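> I'll drop the sequence and a predicted model, then ask my questions.
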Amino acid sequence: MDTNELSPKQYKAIEVLAVSGNVTEAAAAAGVSRETVHTWMRTDKAFQAEKDAISSAYIGELSSRLNSLAQQAVSTLQEILSDPNAPVNARIRAADIVIGR
C-alpha cells in the first residue's frame with residue numbers, strides 16, 4: 001500500500017480506532033467530524049486497509065500478552081496448590097479457581 005495515500009489525520013483516526021474502536025474518540029483525536037471518519041471507513045479503500053492491518057497487529061499483540069499472562073497465572077496457581085506451606089485458604093481458593101475455569 002502507498003502510505004502517501006493517507007493524511008496525518010487519517011493515521012491519527014486509525015490509531016485511536018485500533019485501540020478503542022470508538023469513532024467519536026477517533027474523530028476528536030484527528031480533529032475531524034464523526035461523519036468524516038465514517039466516510040473514510042465506508043469509502044476510502046486505503047483507510048480501510050490500513051485500519052484493518054493496524055487493528056490486526058494490535059489484536060495480535062494483545063493476544064500474545066494475554067497468553068503470557070495466562071501462563072503466569074496458571075503457574076502461580078500450580079505453585080500455590082503444590083506448596084504444603086501455603087495457607088489452606090489460599091490453596092482452597094487456587095483449587096476453586098482451577099476447577100471453576
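Great, that's in hand.

> can you give me the strands for this protein?
Applying DSSP state E to the chain gives no strands.

> Tell me where this structure has helices.
Taking DSSP state H as the criterion, the chain carries its helices at 8-20, 23-30, 34-43, 45-82, 88-100.

> What is the shortest one packed up against?
Yep, that's helix 23-30 we're talking about. Applying 3 or more CB pairs under 8 Å, 6 or more residues apart in numbering; DSSP states H and E, one finds that helix 23-30 contacts helix 8-20, helix 34-43. Where you see a C-beta, it was placed from the backbone N, CA and C, and this is true even at glycine.

> Tell me which residues of that helix come out buried.
The neighbour-count check on helix 23-30 (16 or more other CB atoms under 10 Å) flags Val23, Glu25, Ala26, Ala27, Ala28, Ala29, Ala30 as buried.

> outside of that helix, which residues touch it?
Helix 23-30 is touched from outside by 9-10, 12-17, 20, 33-34, 36-38, 41, with contacts defined as CB atoms under 8 Å, 6 or more residues apart in numbering.

> Point out the least confident member of the residues you listed, please.
Within the set of these, pLDDT is lowest for Ser20 (91).

> So what's the residue count around that residue?
The tally of other residues near Ser20 (other CB atoms under 10 Å) stands at 12.

> so where's this structure uncertain?
By pLDDT under 70, the low-scoring segments of the chain are 1-4.

> make it 50
Counting by pLDDT under 50, the chain shows low-confidence ranges at 1-2.

> and among the helices and strands packed on helix 23-30, the most buried is which?
Sort the helices and strands packed on helix 23-30 by mean neighbour count, taking mean count of other CB atoms under 10 Å, and helix 8-20 sits at the top with a mean of 18.

> what's in contact with it?
Helix 8-20 has contacts (CB under 8 Å, 6+ apart) with 6, 22-23, 25-27, 29-32, 37, 40, 44, 47, 50-51, 54-55, 57-58.
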